[in-house]
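Sequence first, predicted coordinates after that:
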Amino acid sequence: MSDQAVSTEGTALIGGAERRSARSLGALFLPLLAAAALLAPVPLWLGDSRVLMGVALLGLAFACYTIGFNLIFGSTGQLFLCVGALAGIGGYGAVLLADRQGVPLLVSILLATVAAGLVGGLLSWIAVRRSLGVIFTGIITLIFALAFQNLLLGRGDLTGGESGLRIQSGSDSFLGDRILSYYAMLTLVLLFLLVHGLLRRSHFGWGFRALRDDEVAAELTGVNVARYRVIAALVGGAMLGLAGAVYAFSRGRISPSTFAFAQVDVVVLVMLAFGGIGTLLGPILGAIVFTIIDELLVELGQLRLVALGALILVLFLWVPRGIIPSLGSVFRKDH
Amino acid sequence: MIYGLGGALNLAYGQMAVMSAMVVLFAMDAGVPALPAVGLGLLTGALLGLVLDLTIFRPVYRRQGEARVLLSLLLTLGLAFVVDGFLTWRIPFRGLTLNIGGGPIDILGVPMRRGSLLASAITILAFALLFAFFRTTALGRAVRSVIEDEQGARLVGVDPRRMLRLILIMSGFLAAIVAVTRAMVTPVTVTLGFEITVFALIVTVVGGLGSFPGALLAGVILGIVNSIAASYIGTFLSLIILLAAAGITILLRPSGLLGVRE
């Protein structure tokens, strides 16, 4: 009976949320400050443990990835399934430049960031030019991600193959220190949130929203859909590359699985969908919650995958729109 | 390989295939002869499709368009994790191999393994039957109408929900066929699910979403590209070439080789 009913909530899963968001600058900075205040003291009680700081760092890296992905997918509806690959371009690019070519650390990070941004923009440009739909964009980028992964494995002479690389450079800089690198990563998270928040408030935000809600109408009213999409992918790709590079240097070693589809994209998708697609704070909430859950599940050993999958199933059967939009509709006051 | 029909993606497709293969494996362990065991496996595949339809695809089909794609993607991803995790936990090193006896047969001077030949024959037969079903029977046409335009199908008296259910059942059945034919060539292990899914995804998209001759053509072309590249260049580059070929095809013809432009 109920499965006969086809509702018209076409955009229920995407967006719908935070339409009232960020009218004043305070509304933008308050959540940022809250996130900073929440995450800044973490090293105080985890700082002694190498393992737990590693987990915290990974969590922040994922927060960065998810914000970047949110900008590309949540804001402009381009399903990029190459988050790991773009981060990998940043990570491997910066490491190879710094270790093999002797490029200074910050310059190599910058170059790798630019490269990842350009690749993201290029993929988006192709998708826009060929007017690929969600599924096709997803598959093209998935193909790109798999090809990149194979390139990493295949060029073992450069990338160290499956076992990966030990990174020499950077260990003597601030990224070699695990507390400082945590704060470097946290700075990135806040910076990305700020950039995304500012973008949403600018005329870009209106463009994004218009094209997400109704692409044709947006186009007709003079919104340059193609330009907005490519710009979002450029900025988002650069974010992913930057986060990947900084994470690589802080961790000290990388392998293809650091940026693999199953290790990055899947997790990012879950984090974002959990937090709420298209919301400003959804990515960071999703990243925190899922990092903690994942760490708790480690004790389950091999059953961890089962538990994670079951969790995903229950979660999306129960709150398909994500936590923030659902909470928003519960406390319909202000959020 | 039916895939992505009805506006939803099934990322647990490979896992359906693997589960069917495991049923065949256990049936054969229990002393069931190979042929009935395979039959049981195919039945399992169809049944899995039905179960999927009755459970996690219910909320999926209640949505439209992009939201439907996304929800199906997330839910089947979760399911794929559960299945993968469970299988690697309980039976990590099992794999299904179906040995077809006899030595290689020469066809036009090229030695072919009997297993591969039988596998190709079964695949082609399955495709022919599917094609006939979709072209000639009223039910097949009804299913196609739902794929093309759900609202329109409803208006002319076709119940989309039942057709979507049929699609999933057939998809499960085909996944089981994929598993069985693959087991004739290489062992189907519990970790193969993701690979099968990705390959099916690429083939479908290259061939054209919802186009059966297209899927067959794409499967054959990509298979040839893969084996040529693998024998002339290294294996790692061959995969990249395969992916590049798929990518270029999609870029040149976004609706697929034989897909219909919207």
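Perfect, I can see it now. Numbers count the residues shown, from 1 in each chain, chains lettered A, B, ... in the order given.

When you work out contacts or count neighbours from here on, use the C-alpha atoms and nothing else.
Noted.

Next one: the nearest residue to residue B:98 once chain neighbours are set aside from residue B:87, what distance?
Spatial nearest neighbour of residue B:98, excluding adjacent residues (Cα to Cα, 6 or more residues apart in numbering or on different chains): residue B:184 at 4.8 Å. Applying Cα to Cα, to the nearest Å, the value for residue B:184 to residue B:87 is 21 Å.

quick one: the strands in the chain?
In the absence of a named chain, chain A is used. Ranges of strands in chain A, per DSSP state E, are A:165-166, A:253-254.

oops, chain B please
Using DSSP E, strands in chain B cover B:95-96, B:105-107, B:110-112, B:188-189.

tell me the mean pLDDT for the second one?
Translated: strand B:105-107. Average pLDDT, strand B:105-107: 58.

now do the first one
The predicted model gives strand B:95-96 an average pLDDT of 74.

How far off centre is it?
Here strand B:95-96 shows a centroid-to-chain-centroid distance of 18 Å under the convention Cα atoms, centre = their mean, to the nearest Å.

strand partners of that strand, parallel vs antiparallel please.
Looking at strand B:95-96 with DSSP bridges, its partner strands are strand B:188-189 (antiparallel).

Other residues contacting the partner strand?
By Cα atoms under 8 Å, 6 or more residues apart in numbering or on different chains, the surrounding residues in contact with strand B:188-189 are B:18, B:21, B:93, B:94, B:95, B:96, B:97, B:179, B:182.

Who wins on neighbours among the residues you listed?
The most crowded member of these, judged by other Cα atoms under 10 Å in any protein chain shown, is residue B:21 (35 neighbours).

just to revisit the earlier point, thought the residue nearest to residue B:98 was touching residue B:117?
No: if you go by Cα atoms under 8 Å, residue B:184 and residue B:117 don't touch, sitting 9.3 Å apart.

what about these two, which has more around it?
residue B:184 (21 against 17).

From residue B:126, how far off is the more buried one?
16 Å.

try residue B:87
From residue B:87 across to residue B:126, the span is 28 Å (Cα to Cα).

more neighbours, those two?
residue B:87 (22 against 15).

Please report how far the more buried one lies from residue B:15.
Residue B:87 is 10 Å from residue B:15, by Cα to Cα.

how about the residues of the stretch 51-200 of chain B near chain A?
B:56, B:58-59, B:61-67, B:69-71, B:74-75, B:77-86, B:88-89, B:161 (Cα under 8 Å from any Cα of the partner chain).

Which ones among those map onto helices?
Where these overlap with helices, as defined by DSSP state H, the overlap consists of B:58-59, B:61, B:65-67, B:69-71, B:74-75, B:77-86, B:88-89, B:161.

Quick one, which of those residues are buried?
B:58-59, B:61, B:65-67, B:69-71, B:74-75, B:77-86, B:88-89, B:161 (16 or more other Cα atoms under 10 Å in any protein chain shown).

can you count the residues close to residue B:148?
Neighbour tally, residue B:148, other Cα under 10 Å: 16.

Could you measure from it over to residue A:230?
30 Å.

Would you map the helices across the stretch 151-262 of chain B?
Remark: helices assigned in the stretch 151-262 of chain B by DSSP state H, counting those that start in this stretch are B:160-185, B:193-207, B:212-232, B:235-252.

in stretch A:159-166, what counts as buried?
Going by neighbour count (16+ other Cα under 10 Å), the buried part of stretch A:159-166 is A:159, A:160, A:161, A:164, A:165, A:166.

is it anywhere near chain B?
No: residues of stretch A:159-166 are not located near chain B by Cα under 8 Å from any Cα, the shortest gap being 11.4 Å.

mind checking the end-to-end distance for that stretch?
End-to-end for stretch A:159-166, by Cα to Cα: 10 Å.

Give me the contact list for that stretch.
Contacts of stretch A:159-166 (Cα under 8 Å, 6+ apart): A:92, A:152, A:153, A:154, A:155, A:156, A:252, A:253, A:254, A:255, A:256, A:257.

Swap in 10 Å and give it another go.
With contacts defined as Cα atoms under 10 Å, 6 or more residues apart in numbering or on different chains, stretch A:159-166 is touched by A:92, A:95-96, A:99, A:150-156, A:158, A:248-249, A:251-258.

just checking, which of the residues you listed belong to helices?
Using DSSP H, the contacts of stretch A:159-166 in helices are A:92, A:95-96, A:99, A:150-154, A:156, A:158, A:248-249, A:251.

These: which ones sit near chain B?
Subset of the ones in helices among the contacts of stretch A:159-166 in contact with chain B: A:150, A:151, A:152, A:153, A:154, counting by Cα under 10 Å from any Cα of the partner chain.

Considering those, which is situated nearest to residue B:52?
Lowest distance from residue B:52 to these (Cα to Cα) belongs to residue A:150, with 32.3 Å.

Pretty sure that closest one sits against residue A:259.
No: taking contacts as Cα atoms under 10 Å, residue A:150 lies outside contact range of residue A:259: 11.7 Å.
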